[in-house]
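In: Sequence first, then the predicted structure:
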Amino acid sequence: MGPNRDKKSDRVFLFILFEYIAKGTRLAVGTMHLKSRPKNRHIRVVEIAEYLERLNEFLVEIQEAEQVTKEEVETLPIIITGDFNDEPDSPVVLSMEDLKLTKGLRFSSAYCIDGVYPEYTTYKYRSEDVIKHVIDYIFYSENSSPLLKLKSIREMPEEEDIPENIGNPCHRCASDHFSLAAA
């Protein structure tokens, strides 16, 4: 999807359609990085609304370009990842979990197991304070296709394995965020 000159935010959203040619199956993937800092939640609410609007436009575009049929769009497996910079109970994240796209897809968080998120996906020290919380996510369309079923996730490291008084980034982790992975 090309740049949008009328965009409401300065964020970059990426959508891509993958095709496994030998099997004739497709998978859509999207990612984003929303504005940081707690004081910017109102901006993230606008950004996630714009992101979801763009996702709907992307689904219409690939159908109009005859990359997928109407029936395929309704069952297209979709994975959405990103640094949402917000907690699981925030309006930003809840909008993903409550999402009902025009195509009728429902999204689940790969890292919300039996209604519980891990304690953190980012862990850092700022002055004397430990800053740890969940702000990174992998969402998947749970009702889209039998091809997209969650089997496992990469666990977050134990606190005792995180360098004390350093946190992240450090020699073990190049970012203040831990890598998420789902299979």
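Out: Nice, thanks for sending it over. Being a predicted model, the structure only gives us computed values, none of them experimental.
In: helices and strands around the one helix or strand Glu57 maps to, which ones?
Out: Counting by DSSP states H and E, the element that carries Glu57 is helix 41-64. The contact analysis (3 or more C-beta pairs under 8 Å, 6 or more residues apart in numbering; DSSP states H and E) places helix 41-64 against strand 13-20, strand 25-33, helix 70-75, helix 91-97. Any C-beta I mention is one placed from the backbone N, CA and C, and that applies to glycine too.
In: In that helix, which residues are buried?
Out: 41, 43-48, 50-52, 54-55, 58-59, 62-63 (16 or more other C-beta atoms under 10 Å).
In: Out of the residues you listed, flag the one nearest to Tyr140.
Out: Checking the buried residues of helix 41-64 against Tyr140 with C-beta to C-beta, the nearest one is Leu55 at 13.4 Å.
In: residues touching that closest one, list them.
Out: Counting by C-beta atoms under 8 Å, 6 or more residues apart in numbering, Leu55 makes contact with 15, 30, 78, 80, 101.
In: could you dump these to JSON lines with distance to Val92 and pLDDT?
Out: JSON lines is the format used below for the contacts of Leu55 (distance: C-beta to C-beta, whole Å; pLDDT from 0 to 100):
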{"residue": "Phe15", "distance to Val92": "18", "pLDDT": "93"}
{"residue": "Gly30", "distance to Val92": "15", "pLDDT": "93"}
{"residue": "Ile78", "distance to Val92": "18", "pLDDT": "90"}
{"residue": "Ile80", "distance to Val92": "12", "pLDDT": "93"}
{"residue": "Leu101", "distance to Val92": "17", "pLDDT": "56"}
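In: Distance to Ser127 and neighbour count for those residues - can I get that in JSON lines?
Out: Putting the contacts of Leu55 into JSON lines (distance: C-beta to C-beta, whole Å; neighbours: other C-beta atoms under 10 Å) gives the following:
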{"residue": "Phe15", "distance to Ser127": "39", "neighbour count": "20"}
{"residue": "Gly30", "distance to Ser127": "36", "neighbour count": "20"}
{"residue": "Ile78", "distance to Ser127": "40", "neighbour count": "24"}
{"residue": "Ile80", "distance to Ser127": "34", "neighbour count": "23"}
{"residue": "Leu101", "distance to Ser127": "42", "neighbour count": "16"}
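In: Between all of these, which two are separated the most?
Out: Phe15 and Leu101, at 12.9 Å, using C-beta to C-beta across the contacts of Leu55.
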